[in-house]
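Trainee: quick one: sequence plus predicted model below, questions after.
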Amino acid sequence: MNKLAVKIFLTYALLCFIWGSTWIAIRFGLESLTPIFSAGLRFSLASILILILMRLKNITLQKDPTSIRLYIVMGFFSFVIPFGLVYWAEQFVPSGMAAVLFAVYPFFVVIFSYLMMPNESIGVYKIVGTILGFCGIVVIFSDSFTGDLTDYLLGMLAVVLSGIMQAAIAVSIKKYGHHLHPLSMNFIPMIIAGISMIIIGILTENISTNRIDANAILSILYLAVFGSVITFTGFYWLIKRMNIVILSLLAFITPIVAVILGYFIYDEVLSTQHFIGTAMVLTGIFWANLSSLLKLRKGAIIKSIADE
C-alpha cells in the first residue's frame, strides 16, 4: 500500500469521525445559541481561519469565470440552503429520522454521476452496497419512526432536499473543480454561508436568547476548526482522488459514529438494532468497494480505488 493510499484512507477515516462528532458539538451549542445564527458564526470563523491558512501557504484564489460561478453555487447550494434546511427541519424531525432521510445523498450521487459523468464508474457492486448501507441506517434509527409522520412532512422534505443539493454539488465539484485548491474552494462559499446565515438568523430567530458561554464557545470553535476547515478541505481533497460514489458513503458511517459517541458521552443505550444496522452498513461499504478489492487482488495499483 503506497503513501497516497494510506493518506486517502486516513483522511476518509478522520472525516467519518469528525463529521459524526459534529452532531454532539451542535447539540452542545444549541443549548446556548439559536440554530441558524450559530451556523453563521461557525462558517464565518471557518472562513477567517481558511484565509489565514491560504496566506501562510501562499495559495491564491482562482478568479476565472468557472471558478467564480462554482464558488457562488457552492456557497448557496452546499452551505446556506442545505444547512439552513437541516437546522430548520430539526424543529420537526427527530435526529434519527433526519439521519435516515439524509442517507438519500449517496443514491443521488449515483444518479448525478450517471447523468453528469458517464466515465465515472458506478457498477452493480456500488449500487448494491449503497442500497445495503441505506437499509442499515434505516435499521439503526427505526425507533425514530413513531407518531404521525404527516406532522413531519415539511421537515422530512427539507432534509431530503438538503441531501439532493449536497449530492449535486459534490458531483459538480468532481467534474468542474479539479483545478481548484481545497482551501480556496472553501473560502468564498464559507464567507457567503457565514454572512448569509448570520443575517437570516438575526431576521428570523430570537437571538436575544443567545448566551455566549462555555458551551457556545467550545461548540463554535470545534465546528469551525474541525467540523468545517479540516473536514471540508479534506473532503474536497478526496473528491479529486476517490470515486465519488465511494466517497458519498460517508453519509452512512457518520450516523454510526454519532450513535457510538452518544453512548459514551450521553449514556445513550445501544440496542441490538444498532449492531445489526452497523453490520449492514459495513457490509454495504465492503460490497461497494468489492470491485476495487478484486482489482487489487489481480495486481492493480491502489489508485484504482480512486479512478476506477
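Mentor: Ah, there it is.
Trainee: low-confidence stretches in the stretch 151-300 of the chain?
Mentor: 151-152, 291-300 (pLDDT under 70).
Trainee: run the last query once more with 50
Mentor: 299-300 (pLDDT under 50).
Trainee: how about the helices in it?
Mentor: 153-176, 182-204, 214-224, 231-239, 244-248, 250-266, 272-288, 290-297 (DSSP state H, counting those that start in this stretch).
Trainee: pipe those helices into JSON lines and attach mean neighbour count and distance to F141 per row.
Mentor: Yep, even glycine has a C-beta here, placed from its N, CA and C like the rest. As requested, these are arranged in JSON lines below (neighbours: other C-beta atoms under 10 Å; distance: least, C-beta to C-beta, whole Å):
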{"stretch": "helix 153-176", "mean neighbour count": "20", "distance to F141": "12"}
{"stretch": "helix 182-204", "mean neighbour count": "21", "distance to F141": "27"}
{"stretch": "helix 214-224", "mean neighbour count": "19", "distance to F141": "22"}
{"stretch": "helix 231-239", "mean neighbour count": "21", "distance to F141": "22"}
{"stretch": "helix 244-248", "mean neighbour count": "24", "distance to F141": "19"}
{"stretch": "helix 250-266", "mean neighbour count": "19", "distance to F141": "7"}
{"stretch": "helix 272-288", "mean neighbour count": "18", "distance to F141": "8"}
{"stretch": "helix 290-297", "mean neighbour count": "15", "distance to F141": "26"}
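Trainee: nearest to A103, out of the ones you listed?
Mentor: helix 250-266 (5.5 Å; C-beta to C-beta).
Trainee: determine the longest helix present in the chain.
Mentor: The single longest helix within the chain, with elements called by DSSP state H, is helix 3-29.
Trainee: what comes up buried for that helix?
Mentor: By 16 or more other C-beta atoms under 10 Å, the buried positions in helix 3-29 come out as 5, 8, 11-12, 15-16, 18-29.
Trainee: ok now that helix, how far from the chain's centre?
Mentor: 10 Å (C-alpha atoms, centre = their mean, to the nearest Å).
Trainee: could you do stretch 2-19 as well?
Mentor: Mean-position distance between stretch 2-19 and its chain equals 15 Å (C-alpha atoms, centre = their mean).
Trainee: quick check: V104 vs V73, distance?
Mentor: Applying C-beta to C-beta, to the nearest Å, the value for V104 to V73 is 20 Å.
Trainee: that older thread, what is the subsequent helix or strand relative to the longest helix of the chain?
Mentor: helix 35-56 (DSSP states H and E).
Trainee: now do that following helix: distance to the chain's middle.
Mentor: Counting by C-alpha atoms, centre = their mean, helix 35-56 comes out at 17 Å from the chain centroid.
Trainee: swap in stretch 26-42?
Mentor: For stretch 26-42 - counting by C-alpha atoms, centre = their mean - the centre lies 17 Å from the chain centre.
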